[in-house]
Each structure stands twice: as C-alpha cells, then as structure tokens.
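Visitor: I'll drop the sequence and a predicted model, then ask my questions.
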Protein chains: 2
Amino acid sequence: MTQPHFKGFNGMSRIDLDLAKQSCAGCPIRHRAVCATCEPDELDQLEAMKSYGTWSAGETIVLEGEKLPFVASVVFGCATLTRSLEDGRVQMLGLLLPSDFLGRPGRGTAPYEVVAATDLTLCMFERDAFERLIEDTPHLALRLLEMSLDELDAARDWMLLLGRKTAREKVATFLAYVLKRASTAHGPLRADLPLSRGDMASYLGLTIETVSRQMTALKREGIIDLEGKRGLLCPDMAALLIEAGDDDDGAVIA
Amino acid sequence: MTQPHFKGFNGMSRIDLDLAKQSCAGCPIRHRAVCATCEPDELDQLEAMKSYGTWSAGETIVLEGEKLPFVASVVFGCATLTRSLEDGRVQMLGLLLPSDFLGRPGRGTAPYEVVAATDLTLCMFERDAFERLIEDTPHLALRLLEMSLDELDAARDWMLLLGRKTAREKVATFLAYVLKRASTAHGPLRADLPLSRGDMASYLGLTIETVSRQMTALKREGIIDLEGKRGLLCPDMAALLIEAGDDDDGAVIA
DNA sequence: CATGTCGATTGACCTGCATCAAGGACGACC
DNA sequence: GGTCGTCCTTGATGCAGGTCAATCGACATG
C-alpha cells in the first residue's frame, strides 16, 4: 500500500494544468456535477477554492476511515473506491471516471479506500470552504442531492449485478459500461480499459482468473476484440449488450 | 402480482391513525428523516400535506418504472425495493423498516418495484407539495442530502456483502441487522423477522434453500434460536457478529 | 542476451451454492 | 375432521466459479 500523500494544491506541471482547464473550462466541475446552475459570483467563489492534484497509478488517495479534506471532480484518469474484509477479501464500491464526483459533502471521513487506478488528475475544492458555500447556496444542495441520487441508482444497478448476474454477464456489463463512457458521437467502438483484470475482478465480485476466462471467451466468440491488455474493441455493441443480460443501457455506475 | 392500488390519503381506521400519530408525534417523519431542524411554520406545512396509507402484506405499492406520487416514511411494517432481470431473477435493492424514508425527491418514477413485505403503514407527503417546500426551505434539501448519503452508505455495505461474503456470513449479517434494528435499551435479544425466507434470499443474493439451510445450521450450533417461522432469538450477539464476517456493527442498510 | 518482475492467461481440480425433488408444518376454509 | 395452499425444511445431485499452480508475454535492468 503506497503511503497516502498529497501532491495536490500546488505541484502541477504546465501540461497538467492545461489539460485540467480544458476539461473543467468555465465551471470547474461541470459535468454531472455542481455548477450547472451557478451564478457568476458563485462560480468566482468556487474558482477561488479550487486547485488541481495528480496521483500516479496505484497510489492511495485516502485509506478507509481517514479524513478526506476535499471534494473533487475527476479531470482525467480513473479512481476506485473499495472496502475490505479483515481476511483480505476486497470489493470495489465505486468507480470514478472523468467528470465523476468524489466526496460526501457534510461527511469528513471516507468509509472506503480511494485509490488511483490509473494516473489521475482531480479538480479539488477545499472541504470547509465548499461546505460553507453550500450553506449559503440552496440550489447547490439540490444539485448535490441530485448527484447522490444518481450514485444511489448506480449502486443499486450494481447490486443487481453482484447478486444475480453470471460471470459472463458481469464481464459483458462492465465492458459495455466502459464503452458507453468512452463513446464519442461516432459510436462506442473502441475504449481503453481503465482497470486491470484484478480491479475488474474486484469490481465484479469475481476472481482474476474468472474475469480473464470470460474475456477470452467473449473474444473467441467475436463479441469483443482486445488490443494488448488494455485496448477494447467492440464490433457490435448490440451483441455485447445481449450478453450483459438485460435491458441494460449501460447505466451501471456513478 | 397484486395490482397497484391506493388506499392512502383517506381510508384509515381510528387505530391506524393513533399508531401513526404515536410514531410520528409532532414532526411527521421524524427519525432519520426530514424534520430534525424544522421551524414551526414548516412543520405546519408538512402537516397539511401529510396523510396515512396502509397496505397488507404482499401488496405492490408501485411497479418498476411507474410514478410514485408521494414520498413517505414507514410508520410500521416493512417494505422492500426490488428489481428484476427479464428472465425472472430478482434482487432486493432496499429494505424499509419503521422510520425509513421512501421516495426520491425530485424524481417522479421509481426505478424499482416497491412491495409491502408485511402489513404496512406509511406516512405520506404529496410529492408536488413536498418538492415545493424543499425549494423554499434550504435546510430541508441538506437534510435530504444527508439521508441519501446514508442510503448510499447502506447500499455500499450491501455491495460488499453481495460480492464477497459467503452464504453463512450473509445470513448472519442479515440476522444481526434485524436484531439491531429491533433492539431496545435492554439489548437486542429477540426480534421478529420482517421477511420471509424467500425475501431474505432476494435480499442476500441467495436461494430460499440456501437461506433455510444456513438458518438451521446457525440454530443447530446454538448461535441463534427460532420461534416458529418469524421469531428470532440470539443468546449471544457477539457470536452472531463473528459469523457475520467482519467488524460489522450491523450498519447494513438504509 | 540473461534475468527478474508483474500482469495476464490457461489448465486441473475442488467446493459452495444452485437446482431439482420430496416431504413437513400450519393455517384457512368447507 | 379433511383438504387445500403456502411456506419452510431436507436430501440428492450438478455445475459455475473459486483455488492452486504452471506458463506466457512485455518490459525493465544488469
């Protein structure tokens, strides 16, 4: 386990900053997140408390039960929320992709471990200042309520997956989700897997071996194709969705 | 499937009303819910839009995807939230016990089926009026945010259970949760199971048979005792918690 | 080029839970 | 009391996925 450290709030390269600006243009955490309805002066306040932080793949951002002194939006990269049983069994509880929100306004400590699954950039807001802003800004609280309801929906889709889907359906559902999140206007034919096989197993309530076997099976049957370890292509999204096991439109996570 | 009907808003016996009053005294949905910090005039407004509804065990309150025209707090009884795959597999996504809250402020339709698991009384608030009140009452939005974060925590505990726990641990965890919710100051030695074996299976991502077998095993080993089908006694809560598989303090659901 | 590491794959085997199938227990209703 | 119907329990069997272990790239390092 890497030590939890804190590059944020200061040390960022020029390039990092540019990339961050690009994704957070105008309103700092724009997609899915807080400021869809912000007034200019509120945006100024957010801007004032905002900073960027980077972590490299595998680094821990907070340990289970520790304080998370900020809330944040993922600019790029991928982070995972996991919880463990004492004997070492691990289950992923959340997957954060660009534009997803991290943090529980009003709650200082994280009831799960947060780890950077890939190199990661967060757009962060100092917690205390952010919470003060919420108090004074009614529609912000509503926006956050919206967001946590979305997360709740995602968690519940995920429960259905964990409780009732077969290994093949689980893997197919995950791949479909990744493709959906990566999709452009041209269609979701290609994506980079944001997670290792091990992380996928943790996500899906399976073992590495089972994930690997299901992936090769789907590849063998022509439903997906793989480029190296992380590249994923899907010639026919519909076929993949059938394997995923239900009407699932890919709405599987927050 | 029973047809979704709507006894609420009017037809209640004297006794029902008394019971409801008792649980909802003063502030209508008090525990875990909205009004911990309400002003007197806000309470009046809530009072004005409030009504009670009853359902008997097995009745459906809303179908998956239908509109739920109210938000509510459970006064007594037990309701379940479930979602199904097309082929009939069912997973429970939420369990509502007295003082729990039902409904997603700002969202009209339920993404799950809501069924009364036992005879059930809800304290209901007409949706539109409730949402108007939220708009004018900033701290209500914060309170609701709190509540949905609690639900999210519960859903995530549940994910860990579904993804990584053994059948025995799952059953023990559920029983511990029931005992905890039923506990009085004197300790949680006895409780009535709010769910049938089938519903427990749906909750835990297992089959009826497996649930039944694990229950008999726990009974045979003296960890629990059963009175009839629904009565549950636990001579030693600590022993049960060990079977539940982790530090679990019983915080498993919203 | 040899060697080591780390992730992914593949195979052989085993087991926990699902599945299929019979009973029991208990209440409702005639 | 007899006969359902519903829910629960128990047994026998099978299989999906876990476990253990070997191998295979891909990439780094000496």
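Guide: Structure received.

Visitor: which residues in chain A form helices?
Guide: A:14-24, A:40-48, A:127-136, A:138-164, A:167-182, A:197-204, A:208-220, A:237-244 (DSSP state H).

Visitor: Go through the second one and flag the buried ones.
Guide: Right, the one you point to is helix A:40-48. Across helix A:40-48, burial judged by 16 or more other Cβ atoms under 10 Å in any protein chain shown covers A:42, A:45, A:46. Where C-beta positions appear, they are placed from N, C-alpha and C, glycine not excepted.

Visitor: Might one say that the last one is in contact with residue A:124?
Guide: Same thing as residue A:46. No: contact criterion Cβ atoms under 8 Å: residue A:46 and residue A:124 do not qualify, at 11.2 Å.

Visitor: residue contacts, residue A:57?
Guide: A:116, A:117, A:118, A:119, A:120 (Cβ atoms under 8 Å, 6 or more residues apart in numbering or on different chains).

Visitor: mind running it again at 7 Å?
Guide: A:116, A:117, A:118, A:119 (Cβ atoms under 7 Å, 6 or more residues apart in numbering or on different chains).

Visitor: Now the two most distant members of those.
Guide: A:117 and A:119 (9.3 Å; Cβ to Cβ).

Visitor: Give the residue from the two that has the larger number of neighbours.
Guide: residue A:117 (24 against 15; other Cβ atoms under 10 Å in any protein chain shown).

Visitor: Contact partners for residue A:97?
Guide: A:74, A:78, A:181, A:194.

Visitor: Go ahead and confirm residue A:112 touches residue A:91.
Guide: No: with contact defined as Cβ atoms under 7 Å, residue A:112 and residue A:91 do not form a contacting pair (9.4 Å).

Visitor: between those two, what contacts are shared?
Guide: By Cβ under 7 Å, 6+ apart, the residues touching both residue A:112 and residue A:91 are A:82, A:83.

Visitor: Give me the pLDDT for residue A:168.
Guide: Per-residue confidence at residue A:168 stands at 98 (pLDDT).

Visitor: contacting residues around the residue nearest to it when sequence neighbours are not counted?
Guide: Excluding the flanking residues, the one nearest residue A:168 by Cβ to Cβ, 6 or more residues apart in numbering or on different chains is residue A:214, at 5.2 Å. The contact partners of residue A:214, taken as Cβ under 7 Å, 6+ apart, are A:167, A:168, A:171.

Visitor: One more pass at 8 Å, please.
Guide: Neighbours of residue A:214 in contact, by Cβ under 8 Å, 6+ apart: A:167, A:168, A:170, A:171, A:172.

Visitor: any idea how far the nearest residue to residue A:134 once chain neighbours are set aside lies from residue B:113?
Guide: Using Cβ to Cβ, 6+ apart and skipping residues adjacent in sequence, the residue nearest residue A:134 is residue A:140, 5.1 Å away. Relative to residue B:113, residue A:140 is positioned 33 Å away (Cβ to Cβ, to the nearest Å).

Visitor: Ok, residue A:135 next?
Guide: For residue A:135, the distance to residue B:113 - Cβ to Cβ - is 37 Å.

Visitor: right, and residue A:211 touches residue A:172 too?
Guide: No: using Cβ under 8 Å, residue A:211 makes no contact with residue A:172, being 11.4 Å away.

Visitor: Relative to residue B:150, how far out is the residue nearest to residue A:210 when sequence neighbours are not counted?
Guide: Excluding its sequence neighbours, the residue lying closest to residue A:210 (Cβ to Cβ, 6+ apart) is residue A:167, at 5.1 Å. Remark: distance between residue A:167 and residue B:150 (Cβ to Cβ) = 32 Å.

Visitor: Contacts only, for residue A:84.
Guide: For residue A:84, counting by Cβ under 8 Å, 6+ apart, the contacting residues are A:64, A:90, A:91, A:113.

Visitor: Same list, these, but only the ones touching chain B.
Guide: Taking Cβ under 8 Å from any Cβ of the partner chain as the test, chain B is in contact with A:90, A:91 out of those.

Visitor: Tell me the most packed of the contacts of residue A:84, by neighbour count.
Guide: residue A:91 (24 neighbours).

Visitor: On the pLDDT front, check residue A:28 for me.
Guide: 40.

Visitor: what does residue A:246 give?
Guide: In this model, residue A:246 carries a pLDDT of 73.

Visitor: which non-adjacent residue is nearest it?
Guide: residue B:85 (4.8 Å).

Visitor: and the gap between residue A:216 and residue A:52?
Guide: The value you get for residue A:216 to residue A:52, if Cβ to Cβ is used, is 39 Å.

Visitor: Those two: who's more crowded?
Guide: Neighbour totals were compared for residue A:216 and residue A:52, and residue A:52 leads with 23 against 12 (other Cβ under 10 Å).

Visitor: quick one: contacts for the spatially most central residue of chain A?
Guide: Closest residue to the average C-alpha location of chain A: residue A:96 at 0.9 Å, with Cα atoms, centre = their mean. If you count contacts by Cβ under 8 Å, 6+ apart, residue A:96 has them with A:74, A:78, A:79, A:80, A:81, A:102.
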